[in-house]
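Novice: structure for this input, please:
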Amino acid sequence: MNVWDNVNFRIIPELMGLFKNVADIQTADMLNLPVPKLKDSKYNLVSSEPGEFTLEEIKSYGERAERIRSGGIDPSSDNMLKIVRC
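Specialist: Numbering: from 1, shown residues only. You can find the predicted model right below:
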């Protein structure tokens, strides 16, 4: 049994309060860290074509997903979450 199955979500504010008591949370504004400037204040987007390995991996993910969707695979051995986490 998963311990989170019957969580009472009314306790979230209390949990957040407890977490703040033990966690040292610092935001970027609080730390005043230097931020590098963009050249000409613009992003430089670079694109490239996928390599052979990448194309083969994408194809294999699609084939796995199709087998799972069609019911040809036992969910305990392969499932969509395993594909997404690759």
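Novice: only C-alpha atoms for contact and neighbour calcs from this point on.
Specialist: OK.
Novice: which stretches of the protein have low pLDDT?
Specialist: Where the chain drops to pLDDT under 70, the residues are 1-10, 86.
Novice: quick one, helices of it?
Specialist: 12-22, 28-31, 52-69, 80-84 (DSSP state H).
Novice: okay if I get the ones you listed as a markdown table plus mean neighbour count?
Specialist: Putting the helices of the chain into a markdown table (neighbours: other Cα atoms under 10 Å) gives the following:
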| stretch | mean neighbour count |
| --- | --- |
| helix 12-22 | 11 |
| helix 28-31 | 8 |
| helix 52-69 | 13 |
| helix 80-84 | 11 |
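Novice: could I get the ones you listed in CSV, plus columns for distance to Asp40?
Specialist: Output for the helices of the chain, formatted as CSV (distance: least, Cα to Cα, whole Å):
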stretch, distance to Asp40
helix 12-22, 40
helix 28-31, 23
helix 52-69, 33
helix 80-84, 37
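Novice: out of those, which is closest to Lys42?
Specialist: Closest to Lys42 of the helices of the chain is helix 28-31 (Cα to Cα; 21.7 Å).
Novice: coming back round to it: any idea which of the helices of the chain gets closest to Tyr43?
Specialist: Closest to Tyr43 of those, according to Cα to Cα: helix 28-31, at 21.0 Å.
Novice: ok, Asn79 - contacts?
Specialist: 65, 68, 73 (Cα atoms under 8 Å, 6 or more residues apart in numbering).
Novice: the same query, at a cut-off of 7 Å, please.
Specialist: By Cα atoms under 7 Å, 6 or more residues apart in numbering, the residues touching Asn79 are Ile68.
Novice: quick one, phi psi at it?
Specialist: Torsion angles at Asn79 (phi, psi; degrees, to the nearest 10) stand at phi -150, psi 170.
Novice: do you know how far the closest residue to Met80 other than its chain neighbours is from Asp29?
Specialist: Of all residues not flanking Met80 in the chain, Ala65 sits nearest, at 6.5 Å (Cα to Cα, 6 or more residues apart in numbering). If you measure Ala65 against Asp29 using Cα to Cα, to the nearest Å, the figure is 43 Å.
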